[in-house]
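Visitor: Below are the sequence and a predicted model for it; my questions follow.
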2 protein chains.
Amino acid sequence: MNRIITIGREFGSGGREFGRRLSEELGIAYYDQEIISEISKRTSLSEQYIQAIVEHQPSFSFPIHIGRSFYPATSPVFDQTMTVYQEQARIIKEMAAKSDCVIVGRCADFILKEYHPFRFFIYADMESKIKRCREKGPEEENLTEKELKQKISGIDKKRAKYYEIYTGHPWGDKLNFDLCVNTTRTSIKDIVPVIAKLFA
Amino acid sequence: MNRIITIGREFGSGGREFGRRLSEELGIAYYDQEIISEISKRTSLSEQYIQAIVEHQPSFSFPIHIGRSFYPATSPVFDQTMTVYQEQARIIKEMAAKSDCVIVGRCADFILKEYHPFRFFIYADMESKIKRCREKGPEEENLTEKELKQKISGIDKKRAKYYEIYTGHPWGDKLNFDLCVNTTRTSIKDIVPVIAKLFA
């Protein structure tokens, strides 16, 4: 199986843990936050600003994939956003060209489609995602159940919007993935060493 | 992992092959058409008639799972349909109680929910399903591309209706499954021996 591996994930489902463990099991590169750092180096924009752009996508209201002919009048913020997106796509392609790797999020499944990556989607039910967030994230400690649920849904809504704008496909649609793993009942620690054998 | 294993599947995606190979790999029972035969024995209805009922669900226009209080005036056909459904659920539970097994279709994931089965969903894109149907089914030989596509969609529409009436959940929703396997690019023959190790 192709060892260019992409991981889409719902917030709180353990997608990063899945990706990290899988890369360790296979002894291949793992890219997540590293992509933001690399964009920052290349564009001289701060990591924080880039993070905000890729999470909030200011000024996009049309499908990027349709192409340049639909561009509205540009603005400085819009230009920066485009720069970040283009740089991100370039970096992801460079990373995949360099060596086998696991890339989490960032529409890598779409950006790397010529590589025919093996595409995972990691998801879970809300109760399980709330539990995982409580365990992992100290900043979630003071949120009520309702607030945390809103936070999780909100982040996924942004991811969905980002993915859909960027790829033209609905986010989380299982047809865009080779294997969808529900971490509600299945332990990531237990499943990854088995799944890794697909790439042996 | 629990070795009571259920398999939901899109028509033409290779769900039966996946289930059969998995049961062989694990050395456990495999139930598919056997369930129809057993209902036939117990009800003295013909297998063909039972097949028609579980595929076409005559006279259901309300959710079964809501319970008896909503029943309309019954008819002989309706009574037979209910008998078949109830018998099917009973048989599936008996099978799961008897030994580890793989059960394909028939809402077994829902019927066996107290057993916390491991729930697969097998799917593929339309092109791949058409190809598989052409290879497997001699009766598809004379259908045009459009007719075969309509047949595949039609069968899945019936499955979706059956599942939704019976369980109250949308059919094929990944949240109702532990692992969703897209057989478009992934060979069933290659993936099953790896996946089987989850249950070792």
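Guide: Everything's here; your move. Residues are numbered from 1 along each chain as shown, chains lettered A, B, ... in the order given.
Visitor: Show me what whatever helix or strand residue A:119 lives in is packed against.
Guide: Residue A:119 is part of strand A:118-123, with elements assigned from DSSP states H and E. In terms of contacts (3 or more C-beta pairs under 8 Å, 6 or more residues apart in numbering or on different chains; DSSP states H and E), strand A:118-123 is packed against strand A:4-9, helix A:15-26, strand A:179-182. C-beta: built from backbone N, CA, C; applies to glycine.
Visitor: Alpha carbons of the worst-scoring helix or strand of chain A on mean pLDDT, as CSV, please.
Guide: Ranked by mean pLDDT, DSSP states H and E, the weakest helix or strand in chain A is helix A:47-56, scoring a mean of 76. This file holds the C-alpha atoms of helix A:47-56, laid out as CSV (Å, rounded to 0.1, in the frame of the first residue of the first chain):
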residue,chain,number,x,y,z
GLU,A,47,2.9,31.0,12.7
GLN,A,48,0.0,32.4,14.7
TYR,A,49,-1.3,34.5,11.8
ILE,A,50,-0.9,31.5,9.4
GLN,A,51,-2.8,29.3,11.9
ALA,A,52,-5.6,31.9,12.0
ILE,A,53,-5.8,31.9,8.2
VAL,A,54,-5.9,28.2,7.7
GLU,A,55,-8.5,27.9,10.5
HIS,A,56,-10.7,30.8,9.6
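Visitor: Residues contacting it, please?
Guide: With contacts defined as C-beta atoms under 8 Å, 6 or more residues apart in numbering or on different chains, helix A:47-56 is touched by A:36-37, A:39-40, A:43, A:80-81, A:84-85, A:88, A:106, A:155, A:158, A:162.
Visitor: Show me which positions of it end up buried.
Guide: Within helix A:47-56, the residues that count as buried by 16 or more other C-beta atoms under 10 Å in any protein chain shown are A:50, A:53-54.
Visitor: quick check, distance from the helix or strand following it to the centre of its chain.
Guide: For helix A:47-56, the succeeding helix or strand toward the C-terminus, using DSSP H and E, is helix A:76-98. The chain centre lies 14 Å from the centre of helix A:76-98; the measure is C-alpha atoms, centre = their mean, to the nearest Å.
Visitor: So which other helices or strands are in contact with helix A:76-98?
Guide: So helix A:76-98, by 3+ C-beta pairs under 8 Å, 6+ apart, packs with strand A:29-31, helix A:33-43, helix A:47-56, strand A:101-104, helix A:108-111.
Visitor: quick check: angle from the second one to helix A:76-98?
Guide: In other words, helix A:33-43. Per axes from the mean of the first three to the mean of the last three C-alpha atoms, to 10 degrees, the angle that helix A:33-43 makes with helix A:76-98 is 120 degrees.
Visitor: of all of chain A, which residue lies closest to chain B?
Guide: residue A:180 (3.9 Å; C-beta to the nearest C-beta).
Visitor: And the pLDDT for the residue most central in space within chain A?
Guide: The structure's chain A has its C-alpha centroid closest to residue A:105; by C-alpha atoms, centre = their mean the separation is 1.2 Å. We note a pLDDT of 90 for residue A:105 in this prediction.
Visitor: now do residue A:80
Guide: 75.
Visitor: wait, what's in contact with residue A:185?
Guide: Neighbour list for residue A:185: B:116, B:178 [criterion: C-beta under 8 Å, 6+ apart].
Visitor: hang on, I meant residue A:18
Guide: Taking C-beta under 8 Å, 6+ apart, one finds A:7, A:9, A:120, A:122, A:181, A:183, A:188, A:192 in contact with residue A:18.
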